[in-house]
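> After the sequence you'll find the predicted model.
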Amino acid sequence: MNIRSTTIIAVRRFDQVALAGDGQVTLGEKTIVKHGATKVRTLSDGKILAGFAGSAADAITLFEMFERKLKDHSNQLVRAAVEMGQEWRSDRYLRKLEALLLVADRQNTLVISGSGDIIEPDDGVLAIGSGGPYAMAAGLALLKHSDLSARDIALEALRITSDICVFTNDRISIVELP
């Protein structure tokens, strides 16, 4: 049975960076099995924000791998992401992992995928997961048409998404760069 879950959003506004995720985990198409999962965290002593969409076990493996890449590259987010994308794509075991990572530091916001994609948004918003398109649309609208902080935009975008997407709830976890 497919486990579906997650909406993760990163918002960058001025010198603020926030990453938020909902808490819902859904089994198949009809059963919510968890309401308060935490899918966002800080890495590198709080200098990097990271969130995942997809299988939790796969995401934990990817978080650990990404932390090693960050250490290997002196916490340089882009270099670590490129190295991770290359290894993820070329390793037979890693290629089978079903997750996406959304990572951010002071300068960059990136999605890292198992197909080797490293995607940076044009605007200050990027979202992944089942409700990603809804959250991204809400986040972009709020970014362009409000004076809300990055944190408030991320929270409100997820609240809006939870009203639309059955795989997203309003039990939101958020991390920010200090």
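That came through fine.
> Break down this structure into its helices, ranges please.
Assigned by DSSP state H, the helices in the chain fall at 56-72, 77-90, 132-145, 150-164.
> Counting neighbours, which bits of the third one end up buried?
Within helix 132-145, the residues that count as buried by 16 or more other C-beta atoms under 10 Å are 132, 134, 135, 136, 137, 138, 139, 140, 142, 143. Where you see a C-beta, it was placed from the backbone N, CA and C, and this is true even at glycine.
> Also the longest one?
The neighbour-count criterion (16+ other C-beta under 10 Å) identifies 56, 58, 59, 62, 63, 65, 66, 67, 69, 70 as the buried residues of helix 56-72.
> pLDDT score assigned to the first one?
Looking at residue 56, its pLDDT is 77.
> next one: the fourth one
pLDDT recorded at residue 62 is 86.
> do the same with the third one
You'll see residue 59 listed with a pLDDT of 80.
> Which residue comes closest to it once chain neighbours are left out?
Nearest non-adjacent residue to residue 59, counting by C-beta to C-beta, 6 or more residues apart in numbering: residue 52, 3.5 Å away.
> what about the spatially closest residue to residue 154 that is not a sequence neighbour, distance to residue 69?
In space, and not counting its chain neighbours, residue 154 is closest to residue 20: 4.0 Å by C-beta to C-beta, 6+ apart. The gap separating residue 20 from residue 69 is 24 Å, by C-beta to C-beta, to the nearest Å.
> ok so, going back, if we look at the sheet, which residues does the residue nearest to residue 59 bridge to?
residue 101 (DSSP bridges).
> Quickly note the distance from it to residue 89.
Taken as C-beta to C-beta, the span from residue 52 to residue 89 is 17 Å.
> For these two, indicate the residue with more neighbours.
The neighbour comparison of residue 52 against residue 89 (other C-beta atoms under 10 Å) goes to residue 52, with 26 against 14.
> ok, residue 124 - how many residues close by?
19.
> Now do the same for it: its pLDDT.
Looking at residue 124, its pLDDT is 91.
> Also residue 74?
94.
> and it, what are its phi and psi?
phi 50, psi 40 (degrees, to the nearest 10).
> Pull out the buried positions in stretch 156-174.
Those buried within stretch 156-174 under the rule 16+ other C-beta under 10 Å are 156-162, 165, 167-169, 171-174.
> Would you mind measuring the gap between the ends of it?
12 Å (C-alpha to C-alpha, to the nearest Å).
> Check what contacts it and list those residues.
Here stretch 156-174 makes contact (C-beta atoms under 8 Å, 6 or more residues apart in numbering) with 4-7, 9, 11, 18-24, 26, 32, 35-36, 38-40, 125, 127, 129-131, 134-136, 138-139, 142, 148, 151, 154-155.
> now, which of these lie within strands?
4-5, 7, 9, 11, 18-21, 26, 32, 40, 125, 127, 129 (DSSP state E).
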